[in-house]
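> The amino acid sequence is not available; the structure is as follows:
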């Protein structure tokens, strides 16, 4: 395994050996540790001293099921703290096959040229790439595919990244070479744009299989684990049949679906944007209700959504996106929401952040709630980089200040995803305490709060929520280091034989003798590194709080508030 360091100050690429201390780190574990070790927490996130670290998971590139997630880390221009943004797509598998532990992007080139980084088994090189300036991710990836062929995966930024907007994402190609998978959260596309890096091309042609110490043991553990995933009613049932949008009706029924900028928990037109309705439309129009975002994914919760004429419109059409442009913006036209998703993918902006931002702008009177044309026009303005587009493209916190809105659902300046913290209280604890800013994937308490996975904890009461969030944050950090999809957690939580299978795969691959406790300790060590960076960046306990109105405004239909004390929240990630 090797690390490539891309120095844009000098336009030079160097290869280095992996430190012993990094040997058993991958994904989020490696990105967070390298950012702590190498980036000054006080630096300008868009300046030359910030770094962008790209790392596949420990098991990416192998036959481990659903293990193709990639982590990208940096100091976030949105939160001002450490950030790991995680995505599917095909890049992680190819990086693993190439034996690349990490790619570290550092410095800023002189002049106005943009660059592309070309990675293959023989070399890693920088080339000038001005042809794609101002181009969207769809056009950029189509051109790259034509030039480099089908043995490649692509990471690109759209105009939002070039403009260095705080909601900018990094697009990653799916198996059809479309820019539908995104490292969306935290504005890491702006970091890539600040370094004038438009595209990364990863070509694994000519590679040999990844070395595995005990192939038979690995193969058996992988096969058993895949069966456990498919036998679980969530990872092998609801997600596979309806995609993540299966949660629309579930959260609406639970009264936790944020509606009209987090004003209430039920949307009276939720059925029109539900996973069940979307699946019907997909089937009618010749799309795909099941689709893998990367090879080897057994859950296949992605989808391909066609327009009314049966032509491709978008894919990777996720619950959070559908909620953000749907219930939260009071829009029930699923085709408009799908178009918004397509436009965000092309522009290179995080759909969670922008969906929230537009709802905040609606509350501020820029456009009306439910204004379908207004929503699409605002996304188009971000693509153009107009003044209003740059306001929207800098996220919900920035936009709230621009339009004098008090009710802005952010933590550490990052917008909340699709679960109201008053009605899904475990999720609220995660929003408040994770080093990442409001992030549902950091500790997905929806498991026990809503889905009954790992037991049941009443989402409207405080009991058990602190422990639930803490344990999930530890487990998630470890999962993010392996390259596994977060959704394996459903089987791991409910099946006591699942975690040992992950340990078996790691041991068989690396000739180790890990235990389940070692996996837990890995998660804790990752969180400690992230908390240390944020503390050095100036974060205090007061940053681990929800906006005041969540503690004061009762939330319909349950008429509850987020009622945790500061001392209770401070206890969640307190490690000895």
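Here it is on my side, so go on. Since the model is a prediction, treat every value here as computed from it, not as a measurement.

> Tell me where the stretch 201-350 of the chain has helices.
With DSSP state H, counting those that start in this stretch, the ranges of helices along the stretch 201-350 of the chain come out as 215-231, 239-242, 247-254, 275-285, 319-325, 334-347.

> winner for burial among those?
Using mean count of other C-beta atoms under 10 Å, the stretch among the helices of the stretch 201-350 of the chain with the largest mean neighbour count is helix 319-325, at a mean of 28. Bear in mind the C-beta positions are built from the backbone N, C-alpha and C, glycine included.

> Helix or strand: which one has the most centrally placed residue in the chain?
With distances taken as C-alpha atoms, centre = their mean, the chain has residue 86 as the residue nearest its mean C-alpha position (4.3 Å). For residue 86, the host element (DSSP states H and E) is strand 82-87.

> Other residues contacting the helix or strand just after that strand?
Later in the chain than strand 82-87, the nearest helix or strand by DSSP H and E is helix 91-97. For helix 91-97, the surrounding residues in contact (C-beta atoms under 8 Å, 6 or more residues apart in numbering) are 54-57, 59-62, 68-70, 103, 119, 152-155, 172-173, 200, 202-204, 207, 209-210, 294-296, 483.

> are any of the residues you listed buried, and which?
Neighbour-count burial within those applies to 54-57, 59-62, 68-70, 103, 119, 152-155, 172-173, 200, 202-204, 207, 210, 294, 296, 483; the criterion is 16 or more other C-beta atoms under 10 Å.

> Go through those and flag which are in helices.
Within the buried ones among the contacts of helix 91-97, membership in helices is found for no residue, as judged by DSSP state H.

> Among these, which lie within strands?
In strands, judged by DSSP state E, the following of those are found: 54-56, 70, 103, 119, 152-155, 172, 200, 202-203.

> Now residue 91. Nearest residue, chain neighbours left out?
In space, not counting the residues next to it along the chain, residue 91 is nearest to residue 153; the distance is 4.3 Å by C-beta to C-beta, 6 or more residues apart in numbering.

> Spit out the contact partners of the one you found.
89-91, 93-94, 172-173, 201-202.

> again with residue 241
Each residue near residue 241 by C-beta under 8 Å, 6+ apart is listed here: 279, 289-290.

> Nearest to residue 251 among those residues?
Looking at the contacts of residue 241 and their distance to residue 251, the nearest is residue 279, at 17.1 Å (C-beta to C-beta).

> how about the helices of the stretch 201-350 of the chain in a markdown table, adding distance to residue 159 and mean pLDDT?
Conversion of the helices of the stretch 201-350 of the chain to a markdown table gives the following (distance: least, C-beta to C-beta, whole Å; pLDDT from 0 to 100):
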| stretch | distance to residue 159 | mean pLDDT |
| --- | --- | --- |
| helix 215-231 | 38 | 95 |
| helix 239-242 | 32 | 83 |
| helix 247-254 | 30 | 96 |
| helix 275-285 | 28 | 94 |
| helix 319-325 | 19 | 97 |
| helix 334-347 | 6 | 98 |
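
> what number of residues lie near residue 519?
By the other C-beta atoms under 10 Å criterion, the neighbourhood of residue 519 contains 21 residues.

> quick one: it from residue 488, how far?
The gap separating residue 519 from residue 488 is 12 Å, by C-beta to C-beta, to the nearest Å.

> nearest to residue 320, of the ones in strands among the buried ones among the contacts of helix 91-97?
residue 172 (16.9 Å).

> Neighbours of the residue nearest to that closest one when sequence neighbours are not counted, how many?
Computed as C-beta to C-beta, 6+ apart, the closest residue to residue 172 that is not its neighbour in sequence is residue 89, at 3.4 Å. Using other C-beta under 10 Å, residue 89 is surrounded by 29 other residues.

> Residue 478 now?
Residues near residue 478, counting by other C-beta under 10 Å: 24.

> Within the helices and strands, which one has it?
Secondary structure here is read from DSSP H and E; on that basis residue 478 sits in helix 465-482.

> Can you tell me what sits against the helix or strand just after that helix?
Toward the C-terminal end, the helix or strand that comes next after helix 465-482 (DSSP H and E) is helix 489-494. If you take C-beta under 8 Å, 6+ apart as the criterion, helix 489-494 is touched by 225, 228-229, 231-232, 234-235, 444, 447, 451, 453-454, 472, 475-476, 479, 498-499, 502.

> and whichever helix or strand comes after helix 489-494, how far from the chain's centre?
Going down the chain from helix 489-494, the next helix or strand is helix 498-510, by DSSP H and E. In terms of C-alpha atoms, centre = their mean, to the nearest Å, the gap separating the centre of helix 498-510 from the centre of its chain is 25 Å.

> elements contacting helix 498-510?
In this structure, helix 498-510 packs against helix 215-231, helix 489-494, helix 516-536, with contacts taken as 3 or more C-beta pairs under 8 Å, 6 or more residues apart in numbering; DSSP states H and E.

> List the contacts of residue 530.
Under the criterion of C-beta under 8 Å, 6+ apart, the contact list for residue 530 reads 32, 36, 81-82, 84, 435-436.

> Give the buried subset of those as a ChimeraX selection command.
ChimeraX command restricting the contacts of residue 530 to the buried ones, with burial defined by 16+ other C-beta under 10 Å:
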select :32,36,81,82,84,435,436
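
> Thank you, goodbye.
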